[in-house]
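Colleague: just to be clear, the model below is a prediction. Sequence and coordinates:
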Amino acid sequence: MNPMLSLVVPVYNVAPFLERCMASLAAQDLDGMEIVCVDDGSTDDCPAILASYAARHAQIRVIRQENGGLSAARNTGLAHISGEYVAFVDSDDWIEPGYYRRLLDLARTKDLDMAHSNAMYHFEGRREDRPIYLDELSTEVMPGREVLRRRLAEKTLLHMVWMHLYRRDFIERLGLRFVPRLIHEDVLWTTRAFLEAQRVAYDPTPGYFYRQRHRRPAPDTRDKHLEAEIASFAYIARGMTELAAPLREDPELQQLLHWQLVDGALSIFHKLRQVNSPGLRRRLYRQLRRDGVYGLLWNHATLSAQRRRVARSWLKSWMA
């Protein structure tokens, strides 16, 4: 028999956190669950930790591949699962016992395409943990577009794929996969999933702990990472434009998506200010103008404050 739930766990050099994650998955009180861990070329103790858990727990499988990034690891996991529903777990996070049983029961009882869940921010002791969603979204079954509309209207939506259970047939019908090497790859995935899902219900009880790691990239790699982030934000803005375009019959939701795509892409300007190399910064400014990113953001801005930020950065790009 195929398992009821498949968990896809991409793993890359998270040895200090992996033990807690794997222990929390092994402790889930749920029969008929498979856990597919994709070791994306780890060079630390992750392979040994994964091998130890796979040897002790029959539901855990480990796939090892050359490093291809988070999206590639998730795509590999999707190619090796067989569950009725699928969820994603980031390997530096952890989950309370019973969390997936509760979501799977909700999804199967209500015949859902997606079970929308809550989670806890974990700040590693820097401040008190807190739930991600503090609002009172309805727990009734509704189309994914309505969930998306309400979350965007309240400016609360967190685009993280691990906040949901997905019916696997739903994912395969849409051909949903992650874009390799894209940073913030969850944005396009979750937006399209909500737009397409016919039956979604929300469980407000947190059970997933989202670790907020304090990271300081090495100075010699910081500019390279910022360049990749800027390219990703521009790619996502274009993708969001394509997702919003067919929604002319729903101008309210279309405008909310326009707000979201511009709000997210405004991070480009923040990242540009952080680039250390003046030469790289000038090149990135020119590339954004050449690629039409400023025009795209100006045309889709829904607030005067958004347009002011776009205009200021456009003027600055000519002086850099």
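Modeller: Received, thanks. The structure presented is a predicted model; accordingly, all values stated were derived computationally and were not measured.

Colleague: check what pLDDT residue 219 gets.
Modeller: Per-residue confidence (pLDDT) for residue 219: 67.

Colleague: show me which residues of stretch 38-54 are buried.
Modeller: Buried positions in stretch 38-54, judged by neighbour count with 16 or more other C-beta atoms under 10 Å: 38-42, 46-47, 49-50, 53-54. C-beta here means a position set from N, CA and C on the backbone, and glycine is covered the same way.

Colleague: with just CA atoms, put it into PDB.
Modeller: Below are the C-alpha coordinates for stretch 38-54, written out as PDB (Å, rounded to 0.1, in the frame of the first residue of the first chain):
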ATOM      1  CA  VAL A  38      17.700  14.200   0.200                       C
ATOM      2  CA  ASP A  39      21.300  14.800   1.200                       C
ATOM      3  CA  ASP A  40      22.300  17.600  -1.200                       C
ATOM      4  CA  GLY A  41      26.100  16.900  -1.100                       C
ATOM      5  CA  SER A  42      26.700  17.700   2.600                       C
ATOM      6  CA  THR A  43      30.300  17.900   3.600                       C
ATOM      7  CA  ASP A  44      29.700  17.800   7.400                       C
ATOM      8  CA  ASP A  45      28.300  15.100   9.700                       C
ATOM      9  CA  CYS A  46      24.800  15.100   8.000                       C
ATOM     10  CA  PRO A  47      25.400  11.800   6.000                       C
ATOM     11  CA  ALA A  48      26.300   9.900   9.200                       C
ATOM     12  CA  ILE A  49      23.300  11.300  11.100                       C
ATOM     13  CA  LEU A  50      21.000  10.400   8.300                       C
ATOM     14  CA  ALA A  51      22.500   6.900   8.000                       C
ATOM     15  CA  SER A  52      22.000   6.300  11.700                       C
ATOM     16  CA  TYR A  53      18.300   7.300  11.500                       C
ATOM     17  CA  ALA A  54      17.700   5.300   8.400                       C
END
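
Colleague: and that stretch, average pLDDT?
Modeller: Computed over stretch 38-54, the average pLDDT equals 98.

Colleague: show residues contacting it.
Modeller: 8-15, 18-19, 22, 26, 37, 60-70, 72-74, 76-77, 91 (C-beta atoms under 8 Å, 6 or more residues apart in numbering).

Colleague: ok, which pair from the buried residues of stretch 38-54 is furthest apart?
Modeller: Farthest apart among those by C-beta to C-beta are 41 and 53. That separation is 18.5 Å.

Colleague: before we move on, back to that, just the buried ones from the contacts of stretch 38-54?
Modeller: Using 16+ other C-beta under 10 Å, the buried ones in those are 8-15, 18-19, 22, 37, 60-64, 68-70, 72-74, 76-77, 91.

Colleague: from these, which land in strands?
Modeller: Counted as lying in strands by DSSP state E, out of those, are 8-11, 37, 60-64.

Colleague: would you reformat these as a markdown table and include distance to residue 237?
Modeller: As requested, those are exported to a markdown table (distance: C-beta to C-beta, whole Å):
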| residue | distance to residue 237 |
| --- | --- |
| 8 | 27 |
| 9 | 30 |
| 10 | 25 |
| 11 | 30 |
| 37 | 33 |
| 60 | 38 |
| 61 | 37 |
| 62 | 36 |
| 63 | 33 |
| 64 | 35 |
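
Colleague: what ranges in this structure fall below the confidence cut-off?
Modeller: Residue ranges of the chain with pLDDT under 70: 1, 219-220.

Colleague: doesn't residue 202 make contact with residue 137?
Modeller: Yes: if you go by C-beta atoms under 8 Å, residue 137 and residue 202 touch, sitting 5.0 Å apart.

Colleague: check contacts around residue 69.
Modeller: Shown in contact with residue 69 (C-beta under 8 Å, 6+ apart): 40, 180-181.

Colleague: ok, 7 Å please
Modeller: By C-beta atoms under 7 Å, 6 or more residues apart in numbering, residue 69 lies in contact with 180-181.

Colleague: tell me how far it lies from residue 310.
Modeller: 30 Å (C-beta to C-beta, to the nearest Å).

Colleague: report the secondary structure state of residue 209.
Modeller: The local conformation at residue 209, judged by DSSP: H, G, I helix; E, B strand; the rest coil, is strand.

Colleague: surely it is in contact with residue 122?
Modeller: Yes: counting by C-beta atoms under 7 Å, residue 209 does reach residue 122; the two are 4.6 Å apart.

Colleague: what touches both of the two?
Modeller: With C-beta under 7 Å, 6+ apart as the test, residue 209 and residue 122 reach no residue in common.

Colleague: host element of the residue nearest to residue 74 when sequence neighbours are not counted?
Modeller: What sits nearest to residue 74 in space, not counting adjacent residues and going by C-beta to C-beta, 6 or more residues apart in numbering, is residue 178, at 5.0 Å. Assigned by DSSP states H and E, residue 178 falls within no helix or strand.
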